[in-house]
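Visitor: predicted model and sequence below, questions to follow.
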Amino acid sequence: MCAAIVLKDVTFPDGRIADISVCKGRVIHTGAGMACDRAIDCTGYLVLPGATDMHVHMRGGTQSAKEDWTTGSRSALAGGVTLVVDQPNTVPPLSTPDAFLKRVEDAKRNSVCNFAINSALTEITPCSRMWEAGAMAFGETFFGRSSYGDAIEPGVFEQLCDRVSRLSGLVTVHAESVSGVPGNDLGSHGEARSPQGEADAVRLVEQLNRSRCRLHFCHLSTAGAIDAVRESSIEVTPHHLFLSTESFRNGSDTRGKVNPPLRSERERKNLMSRWERIDIIASDHAPHTLAEKQVPFCDAPSGIPGVETMMPLLVAKVLDRTLPVQSLIAKTSENPARILGIHKAGFSVGDRADFALYPKTPAPIRADDLHSRCGWTPFEGINAVFPSLVIMDGSVVFDKGEFCPGNPRWFPGKGYVNVPPV
């Protein structure tokens with residue numbers, strides 16, 4: 001048997017060095033390399049499984065000036081992410097099977113990376129039909145209002161958890177408690193969406209989940225909120241791990257406006273101290289244009305881009321030995337696959353053959369080098385390590401800054417039945 005690609009001299013997380021043989025999108029052998037069509041020398045590279053980003057907003061439609069599937073998915077691949085999960089608070093929201101399937105078709109036409117799409121979760125959402133249409137999960141469900149997302153009342157949330165539980169589905173939750181006072185700068189924005197309010201919202205969400213539906217908390221921003229979780233999986237973003245209100249010279253800098261808010265430097269360090277309790281790192285890639293951001297603070301939309309910088313920021317911390325490599329693999333590949341119920345990308349026989357090769361030399365992030373249409377990043381100047389080469393489903397799709405044709409595919413959820421396309 002001949003392999004399509006052999007990755008030569010890969011250093012595994014346990015320190016072992018071996019070759020990885022790939023065929024038909026899967027790892028077929030580890031050890032001595034097989035005969036192959038192409039051999040790739042991995043000496044001097046950190047080789048990681050392709051990441052799954054469980055939380056992106058790829059925009060498109062009337063929001064295409066911010067991002068669309070083409071630019072957003074290119075950003076993902078250039079950052080070592082081979083599978084993204086798109087959120088349903090689009091314009092219009094994905095609360096009907098027709099709207100959902102139109103979104104799937106748009107992604108099929110334009111995405112260059114693998115993708116899944118979630119269903120909205122509202123009182124009028126036909127949950128069973130969305131599940132059969134292929135929704136990966138339900139949510140981001142807003143238990144606390146945010147840009148393009150209205151908050152769900154507690155009693156309604158309890159009923160919706162019961163509906164999804166009957167389907168054996170997953171509800172992903174944006175948990176915040178928002179005061180009636182809008183923030184005029186980063187500090188007051190954080191007070192209106194306080195750390196205590198986030199922790200209280202987490203506790204209330206789990207109390208309301210009397211049906212024991214599977215829950216996943218999106219983008220928790222404080223150590224207190226993480227400590228409040230009892231039974232659910234936990235997601236944290238790179239911007240909450242790496243940025244604080246002190247990262248911005250101007251307290252009214254809207255580029256740092258995001259929900260949940262950036263916290264103080266002290267709170268950021270406390271959050272990082274909970275690294276081992278975090279299940280998932282996801283970007284919450286939510287691009288807005290600079291023109292939309294350059295308005296009075298109260299009027300500026302919340303959200304920042306991050307799908308392309310997520311893995312490079314984390315890899316830099318692996319290389320300086322701040323973070324363990326096996327833990328990073330767990331939080332960006334193994335755990336997302338387990339929670340979503342899909343095959344993981346990895347080094348073992350049978351794993352999806354998605355890999356990213358990272359050089360071992362950090363360099364400052366520059367917005368001009370990124371691929372998102374929004375054209376800016378809050379991580380400007382921070383050291384990161386971007387992949388030189390990315391493999392998806394056994395094919396090279398990104399090589400030294402150039403994109404190569406691949407075969408991106410849709411990952412439907414567990415309830416999928418083959419319904420007619422729109």
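Guide: On my side now, so go ahead.

Visitor: so residue 368: helix, strand or coil?
Guide: Classification of residue 368 by DSSP: H, G, I helix; E, B strand; the rest coil places it in helix.

Visitor: quickly note the distance from it to residue 303.
Guide: 21 Å (C-beta to C-beta, to the nearest Å). For glycine as for every other residue, the C-beta is placed from the backbone atoms N, C-alpha and C.

Visitor: compare the two (neighbour count), which wins?
Guide: residue 303 (22 against 8; other C-beta atoms under 10 Å).

Visitor: check contacts around the more buried one.
Guide: Contacts for residue 303 (C-beta atoms under 8 Å, 6 or more residues apart in numbering) come out as 57, 147, 257, 258, 259, 284, 286, 287, 288.

Visitor: so in this structure, where's the weakest helix or strand by average pLDDT?
Guide: strand 138-143 (a mean of 92; mean pLDDT, DSSP states H and E).

Visitor: need the contact partners of it.
Guide: Strand 138-143 has contacts (C-beta under 8 Å, 6+ apart) with 55, 87-89, 118-121, 125, 127, 130, 149-152, 157, 160, 164, 169-176, 201, 204-205, 216, 218.

Visitor: quick check: next helix or strand after that strand?
Guide: helix 154-166 (DSSP states H and E).

Visitor: packing partners of that next one?
Guide: helix 127-133, strand 138-143, strand 170-175, helix 195-208 (3 or more C-beta pairs under 8 Å, 6 or more residues apart in numbering; DSSP states H and E).

Visitor: Throw these into a markdown table and include mean neighbour count and distance to residue 24, thanks.
Guide: Shown next, in a markdown table, are the helices and strands packed on helix 154-166 (neighbours: other C-beta atoms under 10 Å; distance: least, C-beta to C-beta, whole Å):
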| stretch | mean neighbour count | distance to residue 24 |
| --- | --- | --- |
| helix 127-133 | 20 | 28 |
| strand 138-143 | 27 | 32 |
| strand 170-175 | 26 | 29 |
| helix 195-208 | 19 | 42 |
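
Visitor: which of these has the lowest average pLDDT?
Guide: Mean pLDDT is lowest for strand 138-143 among these, at a mean of 92.

Visitor: helix 154-166 and that one, what's the angle between them?
Guide: 160 degrees (axes from the mean of the first three to the mean of the last three C-alpha atoms, to 10 degrees).

Visitor: what angle separates strand 138-143 from strand 170-175?
Guide: Using the same axes, to 10 degrees: strand 138-143 against strand 170-175 is 30 degrees.

Visitor: which stretches in the stretch 1-150 of the chain count as strands?
Guide: Assigned by DSSP state E, counting those that start in this stretch, the stretch 1-150 of the chain shows strands spanning 3-11, 17-23, 26-31, 36-41, 46-49, 51-56, 81-86, 114-117, 138-143.

Visitor: sorry, back to before: what about the least confident helix or strand of the chain, distance to the chain center?
Guide: Centroid separation for strand 138-143 versus its chain: 15 Å, with C-alpha atoms, centre = their mean, to the nearest Å.

Visitor: got the angle between it and helix 195-208?
Guide: 120 degrees.

Visitor: for strand 138-143, list the C-alpha coordinates in CSV.
Guide: Only the C-alpha atoms of strand 138-143 are listed here, as CSV (Å, rounded to 0.1, in the frame of the first residue of the first chain):
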residue,chain,number,x,y,z
PHE,A,138,-27.9,24.6,19.8
GLY,A,139,-26.4,28.0,20.5
GLU,A,140,-24.5,30.2,21.3
THR,A,141,-27.6,30.7,23.4
PHE,A,142,-27.7,34.1,25.1
PHE,A,143,-28.3,34.0,28.8
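
Visitor: which of the contacts of residue 303 sits closest to residue 12?
Guide: Closest approach between the contacts of residue 303 and residue 12, by C-beta to C-beta: residue 284, at 30.3 Å.

Visitor: tell me the contacts of the closest one?
Guide: 55, 56, 57, 218, 219, 237, 239, 258, 303, 306.

Visitor: still on that earlier bit, between the helices and strands packed on helix 154-166, which one is closest to residue 66.
Guide: Between the helices and strands packed on helix 154-166, strand 138-143 lies closest to residue 66; by C-beta to C-beta that is 17.0 Å.

Visitor: what angle do that closest one and strand 51-56 make?
Guide: 50 degrees.

Visitor: could you find the closest non-adjacent residue to residue 317?
Guide: Nearest non-adjacent residue to residue 317, counting by C-beta to C-beta, 6 or more residues apart in numbering: residue 323, 4.4 Å away.

Visitor: from residue 377, how far out is that neighbour?
Guide: 21 Å.

Visitor: looking at these two, which is more packed in?
Guide: Using other C-beta under 10 Å, the more surrounded residue of residue 323 and residue 377 is residue 377, with 23 against 18.

Visitor: with adjacent residues omitted, what lies nearest to the more buried one?
Guide: residue 367 is the one closest to residue 377 (C-beta to C-beta, 6+ apart), at 4.9 Å.

Visitor: in the helix or strand harbouring residue 313, what's buried?
Guide: Using DSSP H and E, residue 313 falls within helix 310-319. Residues 310, 311, 312, 313, 314, 315, 316, 317, 318, 319 are the ones in helix 310-319 that count as buried (16 or more other C-beta atoms under 10 Å).

Visitor: got the buried residues for the helix or strand that that helix is followed by?
Guide: Downstream of helix 310-319, the next assigned helix or strand under DSSP H and E is helix 325-329. For helix 325-329, the neighbour count (16+ other C-beta under 10 Å) marks 325, 327, 328, 329 as buried.

Visitor: do the same with stretch 108-128
Guide: 110-122, 125, 127.
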